[in-house]
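Undergrad: Turn this into a structure:
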Amino acid sequence: MKKYIKNLIIIILSIVFMSAVAIITSYLIEPSIYDFYTDIEITKQDRILILAPHPDDEAISAGGVIQKALSQDAKVKVVCITNGDNNQLAYLF
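TA: Numbering: from 1, shown residues only. Below is the predicted model of the structure:
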């Protein structure tokens, strides 16, 4: 049992370490991807239409743009192309 716990701790620490390395490496290699939304100028007169293939994809793919647009009082509309027909339970929650 002790060997099992020791192996589990090693696996968890390895996952945490590799995740940290991946995040740090991606930031050091391409830091400009994190500044993408700062380059977009949005004014109150702008109207933004977000087309999302599935529910919640708008937040995953364009959440930063939506947040910035709403902070500038721009109009934002989101259109979900599907309603999750093949996975009704995930859409309800």
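Undergrad: Tell me where the longest helix sits in the protein.
TA: If you go by DSSP state H, the chain has its longest helix at helix 2-29.
Undergrad: Pull up the gap between the residue positioned nearest the centre of the chain and Leu70, please.
TA: The chain has Ile60 as the residue nearest its centroid, 3.8 Å off, counting by Cα atoms, centre = their mean. To Leu70, Ile60 is 17 Å away according to Cβ to Cβ, to the nearest Å. Quick note: C-beta positions are derived from backbone N, CA and C, even for glycine.
Undergrad: How is the chain partitioned into domains?
TA: Domain assignment for the chain, taken from automatic domain parsing, gives 1-38, 40-93.
Undergrad: hang on, Leu49 packs against Lys77?
TA: Yes: Leu49 is within contact range of Lys77, at 5.2 Å (criterion: Cβ atoms under 8 Å).
Undergrad: ok, back up a step: which residues belonging to the helix or strand following the longest helix of the chain are considered buried?
TA: Per DSSP states H and E, helix 2-29 leads on to strand 47-52 as the next helix or strand towards the C-terminus. For strand 47-52, the neighbour count (16 or more other Cβ atoms under 10 Å) marks Ile48, Ile50, Ala52 as buried.
Undergrad: and which of these is nearest Lys2?
TA: Ala52 (48.9 Å; Cβ to Cβ).
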